[in-house]
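In: Next one to model:
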Amino acid sequence: MGKTAILGCFIAISFLTSCSTSFLKYEKEDQLQKIDEFDKAVKIEQPATPPPAAPAPGETAPPTAPVVAKPEPVKTKTLIKDVKKTAKPTPAPKKGKKAEAVAVAAPTRRPPEIEDDAGFNGRRPLVDPFQVGEEVVHDVTYFKMSAGELRFKVFPFVKVNDRPAYKLGMAIKTVSLFNSVYSVEDNVDIFMDYESLIPTVFELHVKESGQLRESKMFFDNEKHTATFWDRKVTKEDGVEEKKQHWDIPAYAQNVYSSVFYMRMFKWEVGKEYSFVVANDKENLVFSGKALRKEVLDTKLGPMKAIVVQPNITLKGKYKSIGENLIWLSDDEHKYILRIEAKIKIGTLVSQVVSITPGKPSTP
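Out: The predicted structure follows:
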């Protein structure tokens, strides 16, 4: 992943510009996913489903709901040196009823300080933009030719290391016509802690003409470290393995969770929103500015949208990531409606063609 690839969706659709045919074959493909270190550090549990009650004669059994343990209080630490402290200490209240009332009413800042806290109660949003079962499908075009399909999905809640978590997914697949140029069938699963909104894990599965690849990342949010494992097979270089380990700030997102995390914010026109992204042994600051509101013409009809321009700051230096724009729906869901990514030759455009709403749910 490149340093400027803050948004995982830009990484995904950029695969379409390569040149090859059909999927790469590798006889030990099933062994790529087996990473013992990751398996020892991470335990992912699907929600348990209780046995259905026996139906009365002539009746059918009612549907069952997932049973997930209630979240434990989240433990957090202050950010490391490259991020501001999360909150200013509240002074001890003075004696007296008036002073006591003031102390109780004192507002608490949502950590970390770098992030906007409008629309949140602590780390949790007042309105959750994610709904279980939600799926947004895009048509990806290159030179106005349909090249692939990009999907964003919210799965049922899971538990990661005994904590309730969102399971979020992105997948991209080339259409049959474009497979003669380059075949892509990639997907990534992102696991984000429900209470803290901090990603714990992502698992990337890449199946393409030029490569087979399995990548896994684990954020240890107690020790504030990230570990990344990568196994790749290419025609030119054969099997390659890589491991990275580095310190990360508290509340950091990863490159793929950031695509979903940006939906948590209100995105008021003229305002800039920031959060930290840990990627490729570096800790970056993503910033996005809401440029304007507009009505986007889609296959679903006109849709109200907010246009966002993303950028990054690396080691204190501002770096543009090119002429890229994101359209978010102007509602409580902030669905990703459109992405424009200008590349060396032409522009990749990914635009919504269908939305399947989910259902409000909690773990």
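In: so where is the chain shaky, pLDDT-wise?
Out: Applying pLDDT under 70 to the chain flags residues 1-33, 48-108, 176-182, 315-322.
In: rerun at 90
Out: 1-36, 46-110, 142-148, 173-186, 206-214, 231-240, 311-324, 341-348 (pLDDT under 90).
In: ranges for the helices of it?
Out: For the chain, the helices defined by DSSP state H occupy 8-14, 36-41, 97-105, 257-261.
In: for the stretch 151-300 of the chain, what spans make up the strands?
Out: 163-174, 185-193, 199-207, 211-220, 225-234, 238-247, 272-279, 282-298 (DSSP state E, counting those that start in this stretch).
In: how about the last one: buried residues?
Out: Across strand 282-298, burial judged by 16 or more other C-beta atoms under 10 Å covers Asn283, Leu284, Val285, Phe286, Ser287, Gly288, Lys289, Ala290, Leu296, Thr298. Where C-beta positions appear, they are placed from N, C-alpha and C, glycine not excepted.
In: elements contacting it?
Out: Here strand 282-298 touches strand 272-279, strand 301-314, strand 324-329, strand 336-342, strand 347-356, going by 3 or more C-beta pairs under 8 Å, 6 or more residues apart in numbering; DSSP states H and E.
In: between the longest one and strand 347-356, how big is the angle?
Out: Comparing the axes of strand 301-314 and strand 347-356 via axes from the mean of the first three to the mean of the last three C-alpha atoms, to 10 degrees yields an angle of 120 degrees.
In: Show me what Glu240 is bridged to.
Out: Judged by DSSP bridges, the bridge partners of Glu240 are Lys232.
In: Check the gap between it and Glu282 for me.
Out: If you measure Glu240 against Glu282 using C-beta to C-beta, to the nearest Å, the figure is 21 Å.
In: The closest residue to Ser287 other than its chain neighbours: neighbour count?
Out: Using C-beta to C-beta, 6 or more residues apart in numbering and skipping residues adjacent in sequence, the residue nearest Ser287 is Ser274, 4.5 Å away. The number of residues packed near Ser274 is 17, by other C-beta atoms under 10 Å.
In: isn't Ser274 right up against Glu113?
Out: No - counting by C-beta atoms under 8 Å, Ser274 does not reach Glu113; the two are 10.1 Å apart.
In: about what we covered before: nearest to Gln131, of the strands of the stretch 151-300 of the chain?
Out: With respect to Gln131, and counting by C-beta to C-beta, the nearest of those is strand 163-174 at 10.8 Å.
In: Need the CA coordinates for the closest one. CSV is fine.
Out: C-alpha atoms of strand 163-174 as CSV (Å, rounded to 0.1, in the frame of the first residue of the first chain):
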residue,chain,number,x,y,z
ARG,A,163,-15.3,-7.6,22.7
PRO,A,164,-18.4,-6.7,20.5
ALA,A,165,-17.4,-5.4,17.1
TYR,A,166,-18.7,-4.3,13.8
LYS,A,167,-17.9,-6.4,10.8
LEU,A,168,-17.6,-4.2,7.7
GLY,A,169,-16.7,-5.3,4.2
MET,A,170,-15.6,-4.0,0.8
ALA,A,171,-15.3,-6.0,-2.3
ILE,A,172,-14.4,-5.3,-5.9
LYS,A,173,-14.8,-7.5,-8.9
THR,A,174,-14.2,-6.8,-12.6
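In: Spell out which strands sit alongside it in the sheet and which way each one runs.
Out: strand 145-160 (antiparallel), strand 185-193 (antiparallel).
In: so which of these comes closest to Val201?
Out: Within those, the stretch nearest Val201 is strand 185-193; the backing value is 4.4 Å (C-beta to C-beta).
In: what angle sits between that closest one and strand 211-220?
Out: 0 degrees.
In: any chance of the strands of the stretch 151-300 of the chain in TSV, plus distance to Asp36?
Out: Output for these, formatted as TSV (distance: least, C-beta to C-beta, whole Å):
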stretch	distance to Asp36
strand 163-174	22
strand 185-193	19
strand 199-207	15
strand 211-220	11
strand 225-234	10
strand 238-247	12
strand 272-279	23
strand 282-298	26
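In: Number of residues surrounding Arg110?
Out: Neighbour tally, Arg110, other C-beta under 10 Å: 19.
In: Now for it: which residues touch it?
Out: Asp117, Phe120, Gly122, Arg123 (C-beta atoms under 8 Å, 6 or more residues apart in numbering).
In: Buried ones among those residues?
Out: Using 16+ other C-beta under 10 Å as the burial test, those include Asp117, Phe120, Arg123 as buried.
In: Which among the strands paired with strand 163-174 is found nearest to Glu332?
Out: Closest to Glu332 of those, according to C-beta to C-beta: strand 145-160, at 14.1 Å.
In: what comes up buried for the closest one?
Out: Using 16+ other C-beta under 10 Å as the test for burial, strand 145-160 gives 147-150, 152-160.
In: which pair in these spans the largest distance?
Out: Longest span within those, C-beta to C-beta: Ala147 and Lys159, 37.1 Å.
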